Every structure is written in C-alpha cells, then in structure tokens.
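> this one's structure only:
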C-alpha cells in the first residue's frame, strides 16, 4: 500500500466577497472536478482536508500517493468556485504533513 502526499492548496477568486468559503464547499469543488474529469471515484481514492483557513483561502489536503497526479490535474482545471471565476494553486507538496506558517489566526483542523 502506498503512503500519502500532503498538498497546500490556495484558492484565488476574482470576487472573494461573493462566495461562501467553507471546508465542505472547498472539498466539493475539488471532488466535482475529479468526478467530471475522471468519472466516478471510489473509496480507494480518499481525499481528506487536514486543515482549512477561510481567511487565507487555503487548505492542507492528504491524498494517497497513487492518486496524487489525478488530484493535481483536477485542481489545475477548476475554473469556477460557486459560479465565480477562480483558480486553485498548489503552493507545496510533501510526503510529511504540512502546516500553515505560524500565524495568530485560528485554523480549523479536520481528521
């Protein structure tokens, strides 16, 4: 069984004030892109949000290594978030868990 890769992903929006940025919508946008490009994705293609910051519009994702390329492709091809033009940027990728840089802001962690 393969290990995991961690991705630090940032969402850049044309009009950030017109969307609701939550971990569920963030995840749903990526999941929809995966499904539209690669078809139905099964249980073997787990994608988890480890951390999320709505103020920084960033998330740390955990992805199985054998699914990493598909996730990166799906993220790169997203053009809209809640009908607002956008693009997602992968800031970094690592085999070790990533974290946001030190900040006084509160972050939500998911498991």
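Okay, I see it. This structure is a prediction, so every number in the text was calculated from the model and none was measured.
> Scan this structure for its longest helix.
Among the elements of type helix in the chain, defined by DSSP state H, the one spanning the most residues is helix 23-38.
> So which elements touch that one?
Helix 23-38 sits against strand 48-53, strand 58-64, helix 68-76, with contacts defined as 3 or more Cβ pairs under 8 Å, 6 or more residues apart in numbering; DSSP states H and E. C-beta here means a position set from N, CA and C on the backbone, and glycine is covered the same way.
> For the second one, name the packing helices and strands.
Think strand 58-64. In terms of contacts (3+ Cβ pairs under 8 Å, 6+ apart), strand 58-64 is packed against strand 4-13, helix 23-38, strand 48-53.
> and these as TSV, adding mean pLDDT and mean neighbour count?
Shown next, in TSV, are those (pLDDT from 0 to 100; neighbours: other Cβ atoms under 10 Å):
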stretch	mean pLDDT	mean neighbour count
strand 4-13	95	19
helix 23-38	91	16
strand 48-53	92	19
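> out of those, which comes closest to residue 63?
Of all the helices and strands packed on strand 58-64, strand 4-13 sits nearest to residue 63, with 5.3 Å by Cβ to Cβ.
> Contacts for that closest one next, please.
Contacts made with strand 4-13 from outside it, assessed by Cβ atoms under 8 Å, 6 or more residues apart in numbering, are listed as 19, 21, 26, 50, 56-65, 68, 71-72, 75, 81, 84-98, 100.
> so who does residue 88 touch?
With contacts taken as Cβ under 8 Å, 6+ apart, residue 88 has the following neighbours: 9-12, 30, 75-76, 78.
> how about CSV for those residues, with distance to residue 38 added?
Formatted as CSV, the entries for the contacts of residue 88 read as follows, by distance: Cβ to Cβ, whole Å:
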residue, distance to residue 38
9, 18
10, 23
11, 21
12, 24
30, 12
75, 12
76, 13
78, 14
